[in-house]
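**Student:** can't give you the sequence, but here's the structure:
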């Protein structure tokens, strides 16, 4: 038998910068305009709020909704690329929240087998979490983010000035992810979050964005493909995604994650995987910011199917990220989806 080796053992540097500031994005967009190679995917709300930013660039305006996070939207974006004769020297600049970044990044990853893209997050949630790390994707067959790719951006541009036009609901959706980072990775940071007056400080918000980006950058460096450490970032997301689906996406992602963190912490405590103090401290900090953590399941079959469809599941069991102590994370395997759902049901 003949054998031919395809030797792919080589170092590829996908490193990139995250630039964080206030009021600099117009200069960056002007620079893209000068190159003549940038195509823009812009969230419809952002486009309407900042029309002058995009008046001289080639734009595809996207209505970012969970129900439109699908193949049809990807097809429309790919058609936009083709219509504008995009090639591998073009770059996609994705401007918007997490949905826009996920869909745009996925479209960039498959067009001509990959063109560069830049993330410009405009929501607090996308600034502190989804814009960094290279997770792209769409929902499929009722399962959140089932289809996608790990595809790193060329750079991430975070202008906190976008937060000035963000609704309170969207802002608090993002802040839940900040609490997640602190609960699993940084005890001192968690203690700082107990002071709700910090939300009134633009300096603190910029600090929180940088802190979360630093934590995630280190995690992605060590575990880009989510085979180990990166799974801890899913704290609150197993139950959270089920809440989103069960509620018909009327509960926004971050608010669902807040619910998920509490119930997953409660489940971990009951199983002896987390200290009781974790449950109390987590409940207290969520209460400070008035998160509604009580959730009544609407459709048990739908909720259970959502749990079992979790991408971290193995066979019929779940893999759950928990916080044994505040500032520390661990993974619990072989979790029963039925038991986890019962924990949610019993606590309402």
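**Tutor:** Received, thanks. Note that this is a predicted model, so its numbers are computed, not measured. Numbering: from 1, shown residues only.
**Student:** can you list the buried residues in whichever strand or helix holds residue 109?
**Tutor:** Per DSSP states H and E: residue 109 is located in helix 98-110. Within helix 98-110, the residues that qualify as buried are 98, 99, 100, 101, 102, 103, 104, 105, 106, 107, 108, 109, counting by 16 or more other CB atoms under 10 Å. C-betas here are computed from N, CA, C, even on glycine.
**Student:** so who does residue 117 touch?
**Tutor:** The contact partners of residue 117, taken as CB atoms under 8 Å, 6 or more residues apart in numbering, are 91, 92, 93, 94, 104, 105, 108, 151, 153, 154.
**Student:** separation between the fifth one and residue 164?
**Tutor:** In this structure, residue 104 and residue 164 are separated by 23 Å, where distance is defined by CB to CB, to the nearest Å.
**Student:** please apply the same query to the fourth one.
**Tutor:** Residue 94 sits at a distance of 20 Å from residue 164 (criterion: CB to CB).
**Student:** can you check the second one too?
**Tutor:** Residue 92 is 25 Å from residue 164, where distance means CB to CB.
**Student:** next one: the first one
**Tutor:** Residue 91 sits 27 Å away from residue 164, taking CB to CB as the criterion.
**Student:** which one's more surrounded, those two?
**Tutor:** A count of neighbours by other CB atoms under 10 Å puts residue 91 above the other of residue 91 and residue 164, at 20 against 9.
**Student:** go ahead and confirm that one touches residue 154.
**Tutor:** Yes: contact criterion CB atoms under 8 Å: residue 91 and residue 154 qualify, at 6.5 Å.
**Student:** which residues touch the residue positioned nearest the centre of the chain?
**Tutor:** Nearest to the mean C-alpha position of the chain, counting by CA atoms, centre = their mean, stands residue 130 at 3.1 Å. Residues near residue 130 by CB under 8 Å, 6+ apart: 97, 98, 101, 102, 121.
**Student:** do the same with residue 249
**Tutor:** With contact set as CB under 8 Å, 6+ apart, residue 249 has these partners: 66, 67.
**Student:** could you point out which element follows the helix or strand encompassing residue 74?
**Tutor:** For residue 74, the element it lies in under DSSP H and E is helix 71-83. Going down the chain from helix 71-83, the next helix or strand is strand 91-96, by DSSP H and E.
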